[in-house]
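**Student:** Here is my input; please provide its structure:
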Amino acid sequence: MTKVIVALLAAVFVWNPINAMSKAASKQTIYMAVWRGCEEACKSFIDFFGDRRQKFNFIIRDAGRDKSKLEDFVDEIKILRPDLLVTWGTSVSKRLLGKWDSADPNRHITNIPTVFMIVADPVGAGISKTNRWSGRVNVTGTLNRAPAKTQLQTIRSYRPIKSLGMVYNDNELNARLSVDAMRKAAQVEGVSFFVERLKNDQNGRPRIDDIDHAVERIAAKNPEFLYLGSSSFLTKYRKRVTSAALKQKLPLAAGSEVLVRKATALLGVAAKYSSIGRLAAMQAQDILFGKKIPGDLPIKKLDRYSVLINLNTAKGLDLYPPISLLKISEIIR
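**Tutor:** Numbering: from 1, shown residues only. You can find the predicted model right below:
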C-alpha cells in the first residue's frame, strides 16, 4: 500500500469513519471521484438528497486534473468498498472503470455499484457499450453533451455558415472525441471543417501560452465560427481562449454553459451541470433505495438542452441573434 493511500485512509477514519459503527448506524457510503473539484454537478448530486443526506457518508476525492492520483483512488475504493461510486469526467471514469468489455478486476472497479457523469462520449471512450446501456452489471450513468449535430445546427440557426473551426487539446480523450464528432456532423451538414491543435511542452503537456497562437492560427483559415467542445484544459483557461477569439473578431460557440456564463463565448448549447448532477442522483436513488442493479438501469439524458447567448459579446462582435433563436435562449449579460 502506498504512503498516499495510508494518508488517505487516515484522513477518512479521522473525519468520516467507514467501519462497523457507521454500518451499525445504517449509514451508506457514497464515494465521489471528481476531476476538478466538487463543482455544480457534484454539489447538485449531494443536494438532491436533502434531509436524507444524513443517511450517507460522502467521501469526495479530487484528482485536481492529475491522472497520477487516479490509481490511488482505485486502491482506496477497493479497501473502503463504498455502497456507491460516482465518477466525474471522462479521465476519471475511464481510469477507474476501464472499458466496458475489457475491464481488469486488478486495475479497475468492477464489482461496486457505479454511476458516471459528465462524460462527453461514453461510447467513444469505451466506458459504455451504447448510449442507452453500459453493457456491464455494476455501471450506469448520464449523458451530458448535446450531440454534435445539434450543436452545429444551433450555430447555423444563429448565423448561416459554410465553415467551422475548432481548437483543441489532444491530451484529453474527450477533446479528441469532440473533434471527431464535429467533423462527422460538419460533413453531413456540408460545412468545411478546420482544426488547430494546441502545441505541447517538452513534458507532453499543452502549452498555456499557445492558446492565443492557436486561435490566431485557426483564424487565419477564415472559419465563420469557432467551436470549443469538451475540454477541461480550455475550460480552465476559458477567459484566455474567449478573449483571443474576440481579438480575432471570431464568434465562439461552446458545448458548455461555463464559457458563456463565466467568460465571453458568444453562444452555448449545453446541459446544465446542476441538472446532470440531479440525473445522476436519481440513478443513485434507484440503486441505493430501490435496490436496482446499475446495469439494468438505462443511461439517463436530458430531454432538452439550454441555449445561452452572451449579449455583451454579441454587441462587441456586432453579431446579434435572430429573434427566433432569442426567444428560446437564456440571455447572459
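
**Student:** Stretch 113-128 - what's its average pLDDT?
**Tutor:** Stretch 113-128 carries an average pLDDT of 94.

**Student:** So for that stretch, first residue to last residue, what's the gap.
**Tutor:** 14 Å (C-alpha to C-alpha, to the nearest Å).

**Student:** for stretch 108-127, same thing?
**Tutor:** End to end - C-alpha to C-alpha - stretch 108-127 spans 12 Å.

**Student:** Report the buried residues of it.
**Tutor:** 108-110, 112-127 (16 or more other C-beta atoms under 10 Å). C-beta: built from backbone N, CA, C; applies to glycine.

**Student:** Take these and keep only those in helices.
**Tutor:** In helices, judged by DSSP state H, none of these are found.

**Student:** Poorly predicted segments of the stretch 51-200 of the chain, please.
**Tutor:** For the stretch 51-200 of the chain, applying pLDDT under 70 flags no range at all.

**Student:** Out of the buried residues of stretch 108-127, which sit inside strands?
**Tutor:** Thr114, Val115, Phe116, Met117 (DSSP state E).

**Student:** where exactly do the helices run in the stretch 201-333 of the chain?
**Tutor:** 211-219, 232-236, 238-247, 258-261, 273-288, 311-317, 323-326 (DSSP state H, counting those that start in this stretch).

**Student:** Reformat the ones you listed into TSV and put mean pLDDT, distance to Arg36 and mean neighbour count next to each item.
**Tutor:** Below are these laid out as TSV (pLDDT from 0 to 100; distance: least, C-beta to C-beta, whole Å; neighbours: other C-beta atoms under 10 Å):
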stretch	mean pLDDT	distance to Arg36	mean neighbour count
helix 211-219	97	18	19
helix 232-236	91	6	19
helix 238-247	97	12	20
helix 258-261	93	11	22
helix 273-288	96	11	22
helix 311-317	96	24	16
helix 323-326	94	31	12
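
**Student:** Out of those helices, flag the one nearest Ala33.
**Tutor:** helix 273-288 (12.7 Å; C-beta to C-beta).

**Student:** if we can go back for a sec, nearest to Gly165 among the ones in strands among the buried residues of stretch 108-127?
**Tutor:** For those, the nearest to Gly165 is Met117 (29.1 Å; C-beta to C-beta).

**Student:** so who does the residue lying closest to the closest one once chain neighbours are set aside touch?
**Tutor:** Closest residue to Met117 apart from its sequence neighbours, by C-beta to C-beta, 6 or more residues apart in numbering: Ala280 at 4.2 Å. By C-beta atoms under 8 Å, 6 or more residues apart in numbering, the contact set of Ala280 is Ala41, Phe45, Val86, Val115, Phe116, Met117, Gly141, Thr142, Lys300.
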